[in-house]
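Chemist: quick one, fold the following:
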Amino acid sequence: MIMKDMLNNVVKEIKPSGIRRFFDIVSQMPDAISLGVGEPDFVTPWHIRDAGIYSLEKGHTYYTSNSGLQELREEICNYLRRRFNLSYSSNQVLVTVGGSEAIDLCVRALISYGDEVLIPEPSFVCYSPCTQLAGGRAVPIVTKQEDNFKLTPEALKKAITPKTKLLILPFPNNPTGAIMTREELEQIADVLRDTNIMVLSDEIYAELTYKGRHTSFASIEGMAERTILVSGFSKAFAMTGWRLGYACGHKDLIAAITKIHQYAIMSSPTTSQYAAIEAMKNGDADVEMMVAEYDYRRRIIVDAVRQIGLDCFEPHGAFYVFPSIKKTGLSSNDFCEELLKEQKVAVVPGNAFGESGEGFIRCSYAYSIDAINKALERIDKFVSSRR
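Modeler: Okay, the predicted model is just below:
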């Protein structure tokens, strides 16, 4: 038996994540500095950890309902109302194993064979593979540095065909740090009003914005019914290892994605759900503290990258910068591989986030100032040697 011949053809065609390859290399280099991981360097706040510990002490080690704890779903509704002026009821919420599961479930519940999914790129690596696995066709919409990496209504109109079923809105954006203002989202909404196109709004970085408050696409007039909002606890609350996210939307759509969830997962981790209740109730001050620190690091790294001589768009969301390395004459992959080899600094090639990311690199500033400064010194030496 030749195992490769036994595999699903779609799975065989999907490329491995361009991010993970560099993580694997760095793990074998103890003296390397990484700016590659999109993970907060903060420990989950103590009162949130304590709530998880207390749930174990109380013996809460059972399955929850498929949808998640009722109290948690109610607190998610309260939180979204308080922070983003969104109105959901608990039967419009599904608790998932991270935001990534929520994305996968939403795509599988909506996409039939041949349906097209519009994906602004550069963007998070999972959207296109999830679409392929659901039998759909991923259609990239290239966002440009001159447009501040935003989705424009003109580009959206051009990409829509009779087969378009879903638009993914990945803002604040990973890897670029771009955001969309209310006015800009309203222009996108105007394009969609007379269509049957659904919207998956990935708002995992909603709290991490540095220019005004985040606007959810679901809050735009007439868009709530067609929008499924995906978010989670990993980024804003430094809870990556707890593996908890959620999806909010029309109750019929939530019921459909819950069916997939109950057969694949059954329920999200119980301990994590009790911790998340505490995060929703009492975690706002923790979020504000972390946002302030990220903003400080953001300003340092943007200024330093520009002083090195690289063109760098100013990010207003998430915790990434996405500088152009075209002046060096190197491809994104070559830049990252040679930087890691010569200076032992890990960053991620821009084309890991779509072909339009070629000529860029992603650097995360979810690291200590000390690590950031040391990495920047080494990047400066590397770039200087290429002049």
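Chemist: for the protein, what helix or strand is lowest in average pLDDT?
Modeler: helix 18-26 (a mean of 67; mean pLDDT, DSSP states H and E).
Chemist: I'd like the average pLDDT over the helix or strand that it is followed by.
Modeler: Using DSSP states H and E, the next helix or strand after helix 18-26 towards the C-terminus is strand 33-34. Strand 33-34 carries an average pLDDT of 90.
Chemist: what sits closest to Glu221 if chain neighbours are left out?
Modeler: Take Glu221 and drop its neighbours on the chain: the residue closest to it by Cβ to Cβ, 6 or more residues apart in numbering is Ala189, 7.3 Å away. Yep, even glycine has a C-beta here, placed from its N, CA and C like the rest.
Chemist: check contacts around that neighbour.
Modeler: When contacts are counted by Cβ atoms under 8 Å, 6 or more residues apart in numbering, Ala189 is found next to Phe217, Ile220, Glu221, Gly222, Met223.
Chemist: same question, Val199
Modeler: For Val199, the contacting residues are Leu166, Leu167, Ile168, Leu169, Leu192, Phe217, Met223, Arg226, Thr227, Ile228, by Cβ under 8 Å, 6+ apart.
Chemist: Gly329 touches Val383, doesn't it?
Modeler: No: with contacts counted by Cβ atoms under 8 Å, Gly329 stays clear of Val383, the gap being 11.1 Å.
Chemist: which parts of stretch 360-370 count as buried, going by neighbours?
Modeler: For stretch 360-370, burial by neighbour count (16 or more other Cβ atoms under 10 Å) applies to Phe360, Ile361, Arg362, Cys363, Ser364, Tyr365, Ala366, Tyr367.
Chemist: so among the contacts of Ala189, which ones count as buried?
Modeler: Among the contacts of Ala189, those classed as buried by 16+ other Cβ under 10 Å are Phe217, Ile220, Met223.
Chemist: rewinding a little: pipe the buried residues of stretch 360-370 into JSON lines and attach secondary structure and distance to Arg243 per row.
Modeler: Converted to JSON lines, those look like this (DSSP: H, G, I helix; E, B strand; the rest coil; distance: Cβ to Cβ, whole Å):
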{"residue": "Phe360", "secondary structure": "strand", "distance to Arg243": "29"}
{"residue": "Ile361", "secondary structure": "strand", "distance to Arg243": "28"}
{"residue": "Arg362", "secondary structure": "strand", "distance to Arg243": "23"}
{"residue": "Cys363", "secondary structure": "strand", "distance to Arg243": "25"}
{"residue": "Ser364", "secondary structure": "strand", "distance to Arg243": "20"}
{"residue": "Tyr365", "secondary structure": "coil", "distance to Arg243": "23"}
{"residue": "Ala366", "secondary structure": "coil", "distance to Arg243": "18"}
{"residue": "Tyr367", "secondary structure": "coil", "distance to Arg243": "22"}
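Chemist: from these, which is closest to His316?
Modeler: Nearest to His316 among these is Tyr365, at 13.2 Å by Cβ to Cβ.
Chemist: quick check: closest non-adjacent residue to the closest one.
Modeler: Here the residue nearest Tyr365, using Cβ to Cβ, 6+ apart, is Arg297, at 4.2 Å.
Chemist: swap in Ile179?
Modeler: Leaving aside its sequence neighbours, Ile179 sits nearest to Gly317 (Cβ to Cβ, 6+ apart; 4.2 Å).
Chemist: in the stretch 201-350 of the chain, which spans are helices?
Modeler: Along the stretch 201-350 of the chain, counting by DSSP state H, counting those that start in this stretch, helices occupy 251-264, 270-282, 284-308, 332-343.
Chemist: revised request: answer the last question for the stretch 51-200 of the chain.
Modeler: In the stretch 51-200 of the chain, the helices defined using DSSP H, counting those that start in this stretch lie at 70-84, 98-110, 127-133, 153-159, 182-192.
Chemist: just the ones you listed: most buried one?
Modeler: Using mean count of other Cβ atoms under 10 Å, the stretch among the helices of the stretch 51-200 of the chain with the largest mean neighbour count is helix 98-110, at a mean of 24.
Chemist: send the alpha carbons of that helix over as CSV?
Modeler: The C-alpha trace of helix 98-110 is given here as CSV (Å, rounded to 0.1, in the frame of the first residue of the first chain):
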residue,chain,number,x,y,z
GLY,A,98,-10.4,28.7,19.3
GLY,A,99,-11.3,31.1,16.6
SER,A,100,-9.8,28.8,14.0
GLU,A,101,-12.5,26.1,14.6
ALA,A,102,-15.2,28.8,14.3
ILE,A,103,-13.8,29.8,10.9
ASP,A,104,-13.7,26.2,9.7
LEU,A,105,-17.2,25.5,10.9
CYS,A,106,-18.7,28.6,9.3
VAL,A,107,-17.1,27.9,5.9
ARG,A,108,-18.2,24.2,6.0
ALA,A,109,-21.8,25.2,7.0
LEU,A,110,-22.1,27.8,4.1
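Chemist: mind giving me the domain split of this structure?
Modeler: Structurally, the chain divides into domains by automatic domain parsing as follows: 3-44+285-384, 46-283.
Chemist: so which of these is the most surrounded?
Modeler: With a mean of 20, the top stretch among the domains of the chain by mean neighbour count (mean count of other Cβ under 10 Å) is domain 46-283.
Chemist: ends of that domain, what's the gap?
Modeler: End-to-end distance for domain 46-283: 10 Å, by Cα to Cα, to the nearest Å.
Chemist: do the same with stretch 241-251
Modeler: With Cα to Cα as the measure, stretch 241-251 spans 29 Å from end to end.
Chemist: low-confidence stretches in the stretch 1-150 of the chain?
Modeler: Scanning the stretch 1-150 of the chain for pLDDT under 70 picks out 18-23.
Chemist: circling back: mind listing what the residue nearest to Tyr365 touches?
Modeler: The contact partners of Arg297, by Cβ under 8 Å, 6+ apart, come to Phe319, Tyr365, Tyr367, Ile369, Ile372.
Chemist: do Ala275 as well
Modeler: By Cβ under 8 Å, 6+ apart, Ala275 lies in contact with Thr44, Ile48, Arg49, Ala51, Gly52, Ser55, Met239, Trp242.
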